[in-house]
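Peer 1: coords below, sequence missing:
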């Protein structure tokens, strides 16, 4: 957005509204607030109902949060505000509502009404700074309670994957090609002249994604969270394949597709026989390349490897298998939990051997890095070798 747009009172109010939602415990990101700002160009801004419905559809992720969202929306846009923070709210006149006052949701409109006792809004702004600290804290340094909270947040993560144009053509009003067959049928049906121009465009589909996680001893502090991450991605995206490796490769896609998360993770853990053991990345990738690559790397798949790069096998073999894998996928991403540490250099033999064939070398050590990964996957370039605008200067350029 331009500086003028950023400085507008309405956008400032939207940002403050997002802060109020986070303070009350709703997981609302800056990206969602900006999406709402763009969406409001397509609704009648003077209609409170249209604005409310647009905000609710973009900012609420879980059904149990709908009622609280209605209360907060009513209080923020119609209640008493700080004079210097919100000088002009464009939606409706203010009402004399106090922060601690009890509100009730009107079930027909979805908005809050101040007449009868209902749900009391809890001020959680003091906990927001703690959540910010949790976003930056390394997974390896978290307590058991913090890790439990992280698992809950990972489960609620929204995943978006970049798309590709397929060879299949579909009818579309503003397509780039003429639909000759349809026009000939129309001409025959209407006596020799087609009533209108018919067009075609190439169908757009989500790219497949293949996830491989290192579950060896050196990754023990992160590997269980990675299973949680894989489960979240499996149920948030289409065409996801999941593998883990230590001294051998294990496919856990079918186990993670189970709807119950506890059962899915238990079944996946039961399938893994080399948990917290040695690391043979090269041998594991060789099994993947020769047994699974043809099955799962079709249609421009993206491959994501999660590992610290500690290799106890042959580094030369790892280099060969990485080269093979690199040439058969749309993009090869390596996530290293140590990359988020100050002063880290990829000096271990395995990481140094793999890095020349990595398109994007990214950290995966805290919740903030998980959010950046989600955005990165959604912004992958359409062609091989391109760098997303958000990653220019940060994505790995270490090519052989």
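Peer 2: Looks like it came in fine. Source: prediction; values computed, not measured.

Peer 1: which residues of the stretch 251-400 of the chain score low on pLDDT?
Peer 2: Scanning the stretch 251-400 of the chain for pLDDT under 70 picks out 383-400.

Peer 1: that one: helices as residue ranges?
Peer 2: Here the stretch 251-400 of the chain has its helices, by DSSP state H, counting those that start in this stretch, at 253-256, 261-271, 281-287, 293-296, 315-326, 349-354, 367-378.

Peer 1: to residue 199, which of these lies closest?
Peer 2: Closest approach to residue 199 among the helices of the stretch 251-400 of the chain (C-beta to C-beta): helix 367-378, 27.6 Å. All C-beta atoms are positioned from the backbone trio N, CA, C, and that covers glycine.

Peer 1: let's verify residue 205: helix, strand, or coil?
Peer 2: strand (DSSP: H, G, I helix; E, B strand; the rest coil).

Peer 1: count the neighbours of residue 25 for me.
Peer 2: Number of residues near residue 25 (other C-beta atoms under 10 Å) recorded here: 13.

Peer 1: quick one: which of the helices of the stretch 251-400 of the chain is nearest residue 45?
Peer 2: helix 367-378 (27.3 Å).

Peer 1: for that closest one, name the packing helices and strands.
Peer 2: Applying 3 or more C-beta pairs under 8 Å, 6 or more residues apart in numbering; DSSP states H and E, one finds that helix 367-378 makes contact with helix 125-136, helix 144-155, strand 360-363.

Peer 1: so which of these is the most surrounded?
Peer 2: Among the helices and strands packed on helix 367-378, strand 360-363 has the highest mean neighbour count (mean count of other C-beta atoms under 10 Å), at a mean of 20.

Peer 1: pairing partners for that strand, with directions?
Peer 2: strand 331-336 (parallel) (DSSP bridges).

Peer 1: which stretches of this structure form strands?
Peer 2: Secondary structure of the chain (DSSP state E): strands located at 102-105, 112-113, 119-120, 163-171, 177-178, 199-206, 209-214, 240-245, 249-251, 302-306, 331-336, 360-363.

Peer 1: by mean pLDDT, show me the worst of these.
Peer 2: Per-stretch mean pLDDT for the strands of the chain is lowest at strand 102-105 (a mean of 38).

Peer 1: can I get the helices and strands packed on helix 367-378 in JSON lines including distance to residue 185?
Peer 2: JSON lines is the format used below for these (distance: least, C-beta to C-beta, whole Å):
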{"stretch": "helix 125-136", "distance to residue 185": "57"}
{"stretch": "helix 144-155", "distance to residue 185": "50"}
{"stretch": "strand 360-363", "distance to residue 185": "47"}
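
Peer 1: and the ones you listed, which one is worst for confidence?
Peer 2: Among the helices and strands packed on helix 367-378, helix 125-136 carries the lowest mean pLDDT (a mean of 59).

Peer 1: and this protein, what are its domain boundaries?
Peer 2: In the assignment given by automatic domain parsing, the structural domains of the chain cover 3-131, 165-205, 207-391.

Peer 1: hey, which helix is longest across the chain?
Peer 2: helix 220-236 (DSSP state H).

Peer 1: single out the most deeply packed of the domains of the chain.
Peer 2: Compared across these, domain 207-391 shows the largest average neighbour count, a mean of 19 (mean count of other C-beta under 10 Å).

Peer 1: low pLDDT regions in the stretch 1-150 of the chain?
Peer 2: Along the stretch 1-150 of the chain, the parts satisfying pLDDT under 70 run over 1-8, 79-132.

Peer 1: all helices for it, in order.
Peer 2: Along the stretch 1-150 of the chain, counting by DSSP H, counting those that start in this stretch, helices occupy 3-7, 9-23, 30-39, 48-59, 66-78, 125-136, 144-155.

Peer 1: distance to residue 156 for the domains of the chain - can I get that in TSV?
Peer 2: Output for the domains of the chain, formatted as TSV (distance: least, C-beta to C-beta, whole Å):
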stretch	distance to residue 156
domain 3-131	6
domain 165-205	25
domain 207-391	8
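
Peer 1: which one of those domains lies nearest to residue 157?
Peer 2: Across the domains of the chain, closest to residue 157 is domain 207-391 (C-beta to C-beta), at 5.2 Å.

Peer 1: starting at the chain centroid, how far to the closest one?
Peer 2: Remark: domain 207-391 is offset 16 Å from the chain centroid, using C-alpha atoms, centre = their mean, to the nearest Å.

Peer 1: for residue 240, which residues make a bridge with it?
Peer 2: Beta-bridge partners of residue 240, counted by DSSP bridges, are residue 209.

Peer 1: to residue 155, which of the domains of the chain lies closest?
Peer 2: domain 207-391 (5.7 Å).

Peer 1: CSV for the helices of the stretch 251-400 of the chain, including distance to residue 241?
Peer 2: As requested, those are exported to CSV (distance: least, C-beta to C-beta, whole Å):
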stretch, distance to residue 241
helix 253-256, 5
helix 261-271, 13
helix 281-287, 14
helix 293-296, 5
helix 315-326, 13
helix 349-354, 20
helix 367-378, 15
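
Peer 1: and those: which comes nearest residue 73?
Peer 2: Of the helices of the stretch 251-400 of the chain, the one closest to residue 73 (C-beta to C-beta) turns out to be helix 367-378, at 24.4 Å.

Peer 1: so what's the residue of the chain positioned farthest from its centre scoring on pLDDT?
Peer 2: Distance from the C-alpha centroid of the chain, by C-alpha atoms, centre = their mean, peaks at residue 191 (52.1 Å). As predicted, residue 191 sits at a pLDDT of 75.

Peer 1: residue numbering should commence at 7 henceforth.
Peer 2: Happy to do that; since the first residue is 7 now, the last one works out to residue 197.

Peer 1: for residue 189, see how far away it is.
Peer 2: Distance, residue 197 to residue 189, by C-beta to C-beta, to the nearest Å: 14 Å.

Peer 1: sorry, back to before: out of the domains of the chain, which is closest to residue 150?
Peer 2: Going by C-beta to C-beta, the one of those nearest residue 150 is domain 213-397, 11.8 Å.

Peer 1: fine by me, thanks again.
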